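> Show me how the following folds:
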Amino acid sequence: MAETQKIHAFFSWQSDSPGKTNQNAIRDALNVAAKKISAERADIEVVPDEATREASGSPNIVSKLLEKIQEAEIFIADITTITLPGAERPCPNPNVTYELGYAVAELGWDRIILLFNEALGVFPADLPFDFAQHRVSRYRFAQSDDPKAVRGRLEKLLNAALNAILDKNPKRPAEVRGLSREKLEHDHDVENMNWLMSAIHPPTLDQHILDLPHSISDRALWFWENFKGVFTNSLFNIYDPVLKGAVERLFLGWRTAISHGELYHDTPAGLHVFTNPGDMPLTGKHQQAWNEINSARTEMRRAFDQILERLREGYIEVNIHKANAKAWDEYVEFKKKFREIFDDN
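The predicted structure is shown next:
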């Protein structure tokens, strides 16, 4: 049995904002998200951490703080505005800013989650220019809000952000120093394509393309949502123009191919079949939609074939078989949990 890897997620908090809406709310949501991810991923345990927690003796607080950040895999910072509304120069907590700067140098921006409570500041106007250039996860939690409702949304936000970093596993700055731009871009694309291919199950996609326009399976729709989730994520990007173009065409073709859901009827077997009343020849709207879906599936086939060809000739580090197995395992796990929920009800 593989040893569980501990992933330390360091939370840089501030006490200028109300604890109910910021420090305590984020800490509680982080703990819940960490436990959920640890339960879902057998090989990973996400361990929340913060300043001087579990530090024995009386070490230099700043040194211990920086050591914890350096050893972390993920850094979460509350960059909510702490100045009064209408202040000439709104700003986040200076201690958080200091810790964030160190984290950027040690971990890199791709391992950082920035949180901003819009109930206490104006986004993005309140943020320093260099903060605003990066992805910021916004939430809204005022003192008068119901904690249960808001914390649920905050938990989902952190769960998604943590999973995105774990899936991508970006390199730290120290790992890329001294490399040429070409090598950096290649490694970046390997990282991102491993992420993307782990969201696609090629056998399911192959069958999906064959079945269109006649039918669409629930399984194909599940993998579409997975694929779309990676493709639209702000962390996802491809430098290679051939790969980039092929991935974009696959996304556009797939989106078009499933865009006529109103013309499909459901079956008990989890299959959605194109509606053709009385098996009569297609006319008007139905024929137009059929032709559009047919063209889209042809584009999907060409785009996916080009992705596979490009990966095999220039990106052998992308293990298609391993990614395929991971995608399938995640689908099987989803189906298992779905059945458990259904059985409980």
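> Apart from its neighbours in sequence, what residue is nearest residue 200?
Leaving aside its chain neighbours, residue 200 sits nearest to residue 227 (5.5 Å; criterion: C-beta to C-beta, 6 or more residues apart in numbering). Heads up, the C-betas are built off the backbone N, CA and C, glycines and all.
> what about the one you found, which helix or strand?
helix 218-231 (DSSP states H and E).
> Ok, residue 48 next?
strand 44-49.
> That strand pairs with which strands, parallel or anti?
Paired with strand 44-49 in the same sheet, following DSSP bridges, are strand 5-12 (parallel).
> who does the helix holding residue 227 touch, helix- and strand-wise?
Using 3 or more C-beta pairs under 8 Å, 6 or more residues apart in numbering; DSSP states H and E as the contact test, the elements touching helix 218-231 are helix 181-197, helix 202-211, helix 241-257, helix 320-344.
> Determine the number of other residues adjacent to the closest residue to residue 231 other than its chain neighbours.
Leaving aside its chain neighbours, residue 231 sits nearest to residue 251 (5.1 Å; criterion: C-beta to C-beta, 6+ apart). Using other C-beta atoms under 10 Å, residue 251 has 18 neighbouring residues.
> and the direction of the helix holding residue 227 versus that of helix 241-257, what angle?
140 degrees (axes from the mean of the first three to the mean of the last three C-alpha atoms, to 10 degrees).
> please begin residue numbering at 690 from this point
Fine by me, first position is 690 from now on; the one you just mentioned is helix 907-920.
> Tell me who's in contact with the residue nearest to residue 889.
885, 888-889, 939-940, 943 (C-beta atoms under 8 Å, 6 or more residues apart in numbering).
> give me that answer again for 10 Å
885-886, 888-890, 894, 936, 939-940, 943-944, 1016 (C-beta atoms under 10 Å, 6 or more residues apart in numbering).
> Name the spans of the stretch 690-839 of the chain whose pLDDT lies under the cut-off.
Applying pLDDT under 70 to the stretch 690-839 of the chain flags the ranges 690-691, 741-749.
> Which residues does stretch 702-712 contact?
700, 713-716, 719, 739-740, 765-772, 781-786, 788, 804, 806, 808-810, 828-834, 836, 839, 843.
> was I right about residue 1001 contacting residue 1010?
No: contact criterion C-beta atoms under 10 Å: residue 1001 and residue 1010 do not qualify, at 11.6 Å.
> ok so, going back, if any of the contacts of residue 916 are buried, put those into a ChimeraX selection.
Here the buried members of the contacts of residue 916 are turned into a ChimeraX selection, burial being counted by 16 or more other C-beta atoms under 10 Å:
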select :885,886,888,889,890,894,936,939,940,943,1016
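> any idea which of the contacts of residue 916 is closest to residue 910?
Distance to residue 910 across these (C-beta to C-beta) is lowest for residue 943, with 10.3 Å.
> tell me the pLDDT at the closest one?
With respect to pLDDT, residue 943 scores 98.
> Provide a list of residues in contact with it.
894, 897-898, 901, 909, 912-913, 916-917, 920, 985-986, 988-989, 992-993.
> Apply 6 Å and report the result again.
Applying C-beta atoms under 6 Å, 6 or more residues apart in numbering to residue 943 gives the contacts 913, 989.
> ok, now how distant is it from residue 986?
9 Å (C-beta to C-beta, to the nearest Å).
> now swap in residue 931 and tell me
For residue 931, the distance to residue 986 - C-beta to C-beta - is 21 Å.
> And the two? Which one has more around it.
residue 986 (20 against 14).
> Once you drop chain neighbours, what's closest to the more buried one?
residue 901 (4.1 Å).
> Against residue 992, how distant is the one you found?
With C-beta to C-beta as the criterion, residue 901 and residue 992 are 14 Å apart.
> returning to what we had before: which strands and helices lie in contact with the very next helix or strand once past the strand holding residue 737?
Counting by DSSP H and E, the next helix or strand C-terminal to strand 733-738 is helix 750-760. Under the contact criterion of 3 or more C-beta pairs under 6 Å, 6 or more residues apart in numbering; DSSP states H and E, helix 750-760 touches helix 783-796.
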